[in-house]
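1. turn this into a model:
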Amino acid sequence: MDQQLDGLTVQLAEVAIRNTAGSISDRIRSVKARKRDAETIAELEGIIDDLVSDKSELLRIARAYEEEFVAQRISPGDIAYISNNIVPQLQGLIESAAANNGQGAVAQDVIDLIRPVLSVETVTVLQLLGFNFKKAIGEPLTELVGKLILSRLQVDPTLQLEIQRLTLSISQDPDAYARLLVIVGKNGE
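-> The predicted model follows:
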């Protein structure tokens with residue numbers, strides 16, 4: 001998304017540079033200086049066409065900016081829905097993940113931190129200040145769920161046997177073990 005906004009900013013700057021008052025004024029003066037009525041009219045029509053085209057481009061850029069910002073904004077109805085429905089589900093998920101890791105207190109702290117932040121008033125104020133909840137909460141939550149899913153996947157038995165064979169082989173070869181420590185950053189410690 002940041003790349004899209006960067007691209008829009010570059011396009012906006014290009015159009016703004018093309019349409020500065022000095023730039024348009026210079027073009028009109030140079031056309032009038034030629035003192036050929038037919039050419040002057042054609043050139044002025046060209047300038048007008050360019051300005052109309054640039055206006056269309058500016059409107060397209062403005063709509064694209066608006067779409068980007070609307071996509072980042074959470075409506076009050078969505079906030080209420082999240083608070084009433086998703087937070088309890090999230091609480092169960094976090095508690096389940098924490099129970100597997102023995103971090104129940106940490107899970108409760110996370111839930112206690114998230115719940116007041118997801119009130120309609122807080123979200124509205126923070127969004128007005130430029131906070132992006134989808135990026136701040138949505139992306140980490142997506143990663144958390146992904147890790148949870150991956151942690152519960154069964155490893156292919158063939159792969160499991162290969163890992164065990166390699167582990168046994170490395171443990172019996174001191175040179176291989178030293179190389180493994182270097183690779184994983186333990187530097188032979």
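
2. pLDDT value on E189, please?
-> pLDDT, E189: 50.

3. cool, and G104?
-> At G104, pLDDT is 65.

4. likewise the one 10 residues further on?
-> Model confidence at I114, given as pLDDT, is 76.

5. mind checking how far it is from D78?
-> Shown here: I114 relative to D78, a distance of 15 Å by Cβ to Cβ, to the nearest Å. Bear in mind the C-beta positions are built from the backbone N, C-alpha and C, glycine included.

6. now swap in L141 and tell me
-> With Cβ to Cβ as the criterion, L141 and D78 are 15 Å apart.

7. shaky segments in the chain?
-> For the chain, the stretches with pLDDT under 70 are 1-2, 102-104, 186-189.

8. what about the longest helix in it?
-> helix 37-72 (DSSP state H).

9. now the element after it, going C-ward?
-> Using DSSP states H and E, the helix or strand that follows helix 37-72 in sequence is helix 76-81.

10. helices or strands next to that following helix in the packing?
-> helix 120-128 (3 or more Cβ pairs under 8 Å, 6 or more residues apart in numbering; DSSP states H and E).

11. pull out the buried positions in the helix it packs on.
-> V120, V123, Q127 (16 or more other Cβ atoms under 10 Å).

12. so who does the last one touch?
-> Put plainly, it is Q127. R73, I74, F133 (Cβ atoms under 8 Å, 6 or more residues apart in numbering).

13. quick check: closest non-adjacent residue to I82.
-> With Cβ to Cβ, 6 or more residues apart in numbering as the criterion, I82 has its nearest non-adjacent residue at 5.8 Å, and that residue is L118.

14. my read is that the one you found contacts N85, right?
-> No: L118 is beyond contact range of N85, at 11.1 Å (criterion: Cβ atoms under 8 Å).
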